[in-house]
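Student: Okay, predicted coordinates and the sequence, questions at the end:
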Amino acid sequence: MASFRDLLKAAKSEITEVDTEGAAERIAAGSLVLDVREPDEYDAGALADAVLRGSISQILPALVGDPQVVG
């Protein structure tokens with residue numbers, strides 16, 4: 001079984017990290033911020049226009065159009 005550090009290393013190899021300045025630039029350019037914290041943490045304070053992870057299904061159609069079920 002992989003250790004936490006192994007899993008973290010694997011995850012980091014698949015993502016691009018940005019610093020706060022880079023994040024601010026992306027947000028200003030229209031990037032969507034998906035807040036993955038718990039609802040009580042989100043309620044305590046979040047970035048303007050950040051979408052709480054549980055809310056993504058409610059706004060997804062507005063972002064990408066109505067999804068079609070394939071099957």
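Tutor: Sure thing, it's come through.
Student: need the contact list for Q58.
Tutor: By Cβ atoms under 8 Å, 6 or more residues apart in numbering, Q58 lies in contact with nothing. C-beta here means a position set from N, CA and C on the backbone, and glycine is covered the same way.
Student: so where do the strands sit in this structure?
Tutor: 34-35, 51-52 (DSSP state E).
Student: and these, which is most packed in?
Tutor: strand 51-52 (a mean of 18; mean count of other Cβ atoms under 10 Å).
Student: Show me the contact partners of that one.
Tutor: Under Cβ under 8 Å, 6+ apart, the answer for strand 51-52 is 32-35, 37, 39, 42, 46, 59.
Student: Please pick the buried ones from these.
Tutor: By neighbour count, with 16 or more other Cβ atoms under 10 Å, the contacts of strand 51-52 hold 35, 42 as buried.
Student: Give me the local confidence score for E21.
Tutor: Note on E21: pLDDT of 88.
Student: meant to ask about L63, not that
Tutor: 69.
Student: before we move on, the earlier item: let me know the closest of the contacts of strand 51-52 to G22.
Tutor: Ranked by distance to G22 (Cβ to Cβ), these are led by V33 at 12.8 Å.
Student: Can you tell me the closest non-neighbouring residue to the closest one?
Tutor: A50 (4.2 Å; Cβ to Cβ, 6 or more residues apart in numbering).
Student: same check, this time on A10
Tutor: A2 (7.5 Å).
Student: how close does that neighbour sit to V18?
Tutor: 26 Å (Cβ to Cβ, to the nearest Å).
Student: Hmm, A50 and I27 touching each other?
Tutor: No. Under the criterion of Cβ atoms under 8 Å, I27 is not in contact with A50, lying 9.0 Å apart.
Student: If you count neighbours, what's buried in stretch 42-51?
Tutor: Of the residues in stretch 42-51, those buried (16+ other Cβ under 10 Å) are 42, 50-51.
Student: any chance of the residues you listed in CSV, with distance to E14 too?
Tutor: Below are those laid out as CSV (distance: Cβ to Cβ, whole Å):
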residue, distance to E14
Y42, 25
A50, 22
V51, 22
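Student: Now do the helices in the chain.
Tutor: 4-12, 20-28, 39-44, 56-64 (DSSP state H).
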